[in-house]
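Undergrad: no sequence on hand, only this structure:
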DNA sequence: GTCAGTCATAGGTTTTGATTATGAGCGTTT
DNA sequence: AAACGCTCATAATCAAAACCTATGACTGAC
């Protein structure tokens, strides 16, 4: 028979207390049970570990030495187990999260604040990236959770809708188009436009929507960062075609926001995870916080939605 | 329920093989048994450790990390157990041995040679000391085994007789007394004598024997080391009164050895161990080798003799 | 659509471990 | 010297854990 943890704990306790009886008390066992554990351990090792006498059980040299080594090992083990249970209890843990920059600037701070309040021990490693990179990182396992968009279904990913993000027209103060409740693509096409980089998902969305309306998108300015784009609009250099979430009106109170009359001007922001990969407790807590921040009541809470097929 | 070694081994094997089935084979278990171990471990930790699919079981991040940590721990544990079993098998181990210098120079080399032949892995840490120190070291546990002599019984020690060591007269080449088969204490008292230090057990023995014969011992020379005493005799400076074992005739072929006609000129060389303290396998092997070197057939081999009361 | 491979579940048996009760050895105390 | 009190060991019994075989359900792949 091989050794067992019970035997090792018995050995350590007996060596430290110098008595089988006291060791049994410490381990919440009866004395005979402990005696048997020690004996079977001695048989497994082939060594006498204790010299029994009427005044207790003195560990032999081998017993002392092994008790010390095993004790150290047991301590490490208990620590590992405790650490794992900490993670399970959501009192610690780390989540790698990939997220679109626009969401990172808007929804995410709210979600992270919620998470911190509910589970202050959980650490979030944040990577903002464009939609394609978000999906890639989640699929590769580099990020356990992602917030992004997906064109079609993706067999490697499970998705859960968070909210709809529409592209809106962002008008500089006093612009003529602000008189209307909404603006048409055709009207936009006549104006100098501020857009994001080609390759960004926002840009691709705008181009598609314009193409459906038979128009060609000719941006006057392209910005990589949303804050840059907003600044360009505020300076009166053009009309922004930007995601609604990205425009923080607190930062730019004089700008006017108007919806664009094109159904395709919408993108569905999704929470992404690798298909078949369970979430760590920390990631689960984060997902919950994100859902709540997005205004989704946490009903079943389990992600089951397909890729959108 | 707390974690068990079986669970940890199951986790490590499954994480390394990527399959419950293959892990079960490695551990000589059925697949359901392994599945259950993993599940109960997951329940104990509160963590999902594997993502099960039709293509095997992929460890989660937590599973991977824990498998690695636990694997390291298990390796250390197995190594400790193997080390203990090595000791039990007498393939390794260390014995602290306290021994009289005279025995160390005569009987012991034979015993150690035997021991090395039978159990080459056993290391002997040797301390030669006078009889009182030998007994002290054994009683204090500084030496697991001792070879020495004991005046009366000692409650703290168990003894086992090894052989009788007589004090003999060591005569320089061509000495007149060599004509007799034995010499009397009275004859010795008329000669210049070479003895050991006062305080040595040999010296005490000689003084007692002379006192019983109504004589006073007046040594011409006192040497601490036996080799010194023998050299003095060889130089013709006196007659040695020394333990028979200590005089190596191969080193001093011209010397003559004669028994002394006094019954008290005998000392019983004993093997000593602490009462109630079991012997380590290494010490047991050494004890056996010592017995054989002393010409004692290793019958029951267990030390049971009392202190001589 | 079948097939091969995976893990999960169920039923029944063996093994392990625990408890209580009791015994035996030993040192101390009366 | 006898009794006591402390130790660990043993025995009988019982509960729980662990295992195996058989079977099921699911998933990819051909």
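TA: Thanks, I have it. Keep in mind the model is a prediction, meaning the values are calculated, not measured. Numbers count the residues shown, from 1 in each chain, chains lettered A, B, ... in the order given.
Undergrad: not counting its neighbours along the chain, what's nearest residue A:271?
TA: Excluding the flanking residues, the one nearest residue A:271 by Cβ to Cβ, 6 or more residues apart in numbering or on different chains is residue A:160, at 4.5 Å. (C-beta placed from N, C-alpha, C; glycine too.)
Undergrad: might one say that the one you found is in contact with residue A:279?
TA: No: taking contacts as Cβ atoms under 8 Å, residue A:160 lies outside contact range of residue A:279: 11.3 Å.
Undergrad: where along chain A do the helices fall?
TA: A:5-17, A:20-26, A:31-45, A:61-88, A:101-104, A:107-118, A:131-140, A:185-189, A:201-212, A:226-234, A:281-293 (DSSP state H).
Undergrad: in JSON lines: these, plus distance to DNA strand C, mean neighbour count and mean pLDDT.
TA: JSON lines is the format used below for the helices of chain A (distance: least, Cβ to the nearest atom of the strand, whole Å; neighbours: other Cβ atoms under 10 Å in any protein chain shown; pLDDT from 0 to 100):
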{"stretch": "helix A:5-17", "distance to DNA strand C": "5", "mean neighbour count": "23", "mean pLDDT": "95"}
{"stretch": "helix A:20-26", "distance to DNA strand C": "7", "mean neighbour count": "19", "mean pLDDT": "94"}
{"stretch": "helix A:31-45", "distance to DNA strand C": "4", "mean neighbour count": "18", "mean pLDDT": "95"}
{"stretch": "helix A:61-88", "distance to DNA strand C": "15", "mean neighbour count": "18", "mean pLDDT": "95"}
{"stretch": "helix A:101-104", "distance to DNA strand C": "35", "mean neighbour count": "22", "mean pLDDT": "86"}
{"stretch": "helix A:107-118", "distance to DNA strand C": "29", "mean neighbour count": "17", "mean pLDDT": "94"}
{"stretch": "helix A:131-140", "distance to DNA strand C": "22", "mean neighbour count": "21", "mean pLDDT": "90"}
{"stretch": "helix A:185-189", "distance to DNA strand C": "45", "mean neighbour count": "18", "mean pLDDT": "89"}
{"stretch": "helix A:201-212", "distance to DNA strand C": "34", "mean neighbour count": "19", "mean pLDDT": "86"}
{"stretch": "helix A:226-234", "distance to DNA strand C": "45", "mean neighbour count": "20", "mean pLDDT": "87"}
{"stretch": "helix A:281-293", "distance to DNA strand C": "18", "mean neighbour count": "22", "mean pLDDT": "94"}
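Undergrad: quick check: which of these is nearest to chain B?
TA: With Cβ to the nearest Cβ as the criterion, chain B lies closest to helix A:61-88 of the helices of chain A, at 3.1 Å.
Undergrad: phi first, then psi, for residue A:261.
TA: phi -80, psi 70 (degrees, to the nearest 10).
Undergrad: in contact with the closest residue to residue A:19 other than its chain neighbours, which residues?
TA: Nearest residue to residue A:19, sequence neighbours excluded (Cβ to Cβ, 6+ apart): residue A:56, at 4.4 Å. When contacts are counted by Cβ atoms under 8 Å, 6 or more residues apart in numbering or on different chains, residue A:56 is found next to A:18, A:19, A:20.
Undergrad: residue A:253 versus residue A:176, what's the distance?
TA: Computed as Cβ to Cβ, to the nearest Å, the residue A:176 to residue A:253 distance reads 20 Å.
Undergrad: pLDDT value on the residue of chain A positioned farthest from its centre, please?
TA: Ranked by distance from the centre of chain A (Cα atoms, centre = their mean), the top residue is residue A:54, with 60.2 Å. pLDDT for residue A:54: 86.
Undergrad: and the residue nearest to residue A:84 when sequence neighbours are not counted, what is it in contact with?
TA: Spatially, and ignoring its direct neighbours in sequence, residue A:84 is nearest to residue B:45 (4.5 Å; Cβ to Cβ, 6+ apart). Residue B:45 sits next to A:81, A:84, A:85, A:88, B:3, B:66 when contact means Cβ under 8 Å, 6+ apart.
Undergrad: just residue A:254 next, same as before
TA: Applying Cβ under 8 Å, 6+ apart, the residues near residue A:254 are A:173, A:234.
Undergrad: now do it, the pLDDT please.
TA: In this model, residue A:254 carries a pLDDT of 80.
Undergrad: quick check: the gap between the residue nearest to residue A:112 when sequence neighbours are not counted and residue A:147.
TA: Using Cβ to Cβ, 6+ apart and skipping residues adjacent in sequence, the residue nearest residue A:112 is residue A:124, 6.3 Å away. Per Cβ to Cβ, residue A:124 is found 12 Å from residue A:147.
Undergrad: so which of those two has more stuff around it?
TA: residue A:147 (27 against 21; other Cβ atoms under 10 Å in any protein chain shown).
Undergrad: that one is in contact with residue A:99, isn't it?
TA: Yes: applying Cβ under 8 Å, one finds residue A:147 in contact with residue A:99, separated by 4.3 Å.
Undergrad: tell me, what's touching the two both at once?
TA: With Cβ under 8 Å, 6+ apart as the test, residue A:147 and residue A:99 both reach A:108, A:134.
Undergrad: quick one: mean pLDDT over stretch A:146-155.
TA: For stretch A:146-155, mean pLDDT is 83.
Undergrad: quick one: that stretch near DNA strand D?
TA: No: taking Cβ under 7 Å from any atom of the strand as the criterion, stretch A:146-155 and DNA strand D are apart, separated by no less than 8.6 Å.
Undergrad: now do the buried residues in that stretch.
TA: A:146, A:147, A:148, A:149, A:150, A:154 (16 or more other Cβ atoms under 10 Å in any protein chain shown).
Undergrad: just these: which are in strands?
TA: Per DSSP state E, strands hold the following members of the buried residues of stretch A:146-155: A:146, A:147, A:148.
Undergrad: ok, so of the residues you listed, who is nearest residue B:128?
TA: Lowest distance from residue B:128 to those (Cβ to Cβ) belongs to residue A:146, with 75.3 Å.
Undergrad: which bits of the stretch 51-200 of chain A sit near DNA strand D?
TA: Residues of the stretch 51-200 of chain A lying close to DNA strand D (Cβ under 7 Å from any atom of the strand) are A:52, A:54, A:55, A:56, A:57.
Undergrad: residues in contact with residue A:63?
TA: By Cβ under 8 Å, 6+ apart, residue A:63 lies in contact with A:11, A:15, A:47, A:48, A:49, A:50.
Undergrad: I'd say the first one and residue A:73 touch.
TA: No: checked against Cβ under 8 Å, the pair residue A:11 and residue A:73 is beyond contact range at 11.2 Å.
Undergrad: for residue A:234, give me its contacts.
TA: Contacts of residue A:234 by Cβ under 8 Å, 6+ apart are A:172, A:173, A:252, A:254, A:255.
Undergrad: how about residue A:18?
TA: A:56, A:57, A:58, A:59.
Undergrad: rewinding a little: okay, the contacts of residue A:63 in a markdown table with distance to residue A:106 next?
TA: Formatted as a markdown table, the contacts of residue A:63 follow (distance: Cβ to Cβ, whole Å):
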| residue | distance to residue A:106 |
| --- | --- |
| A:11 | 59 |
| A:15 | 60 |
| A:47 | 66 |
| A:48 | 70 |
| A:49 | 65 |
| A:50 | 67 |
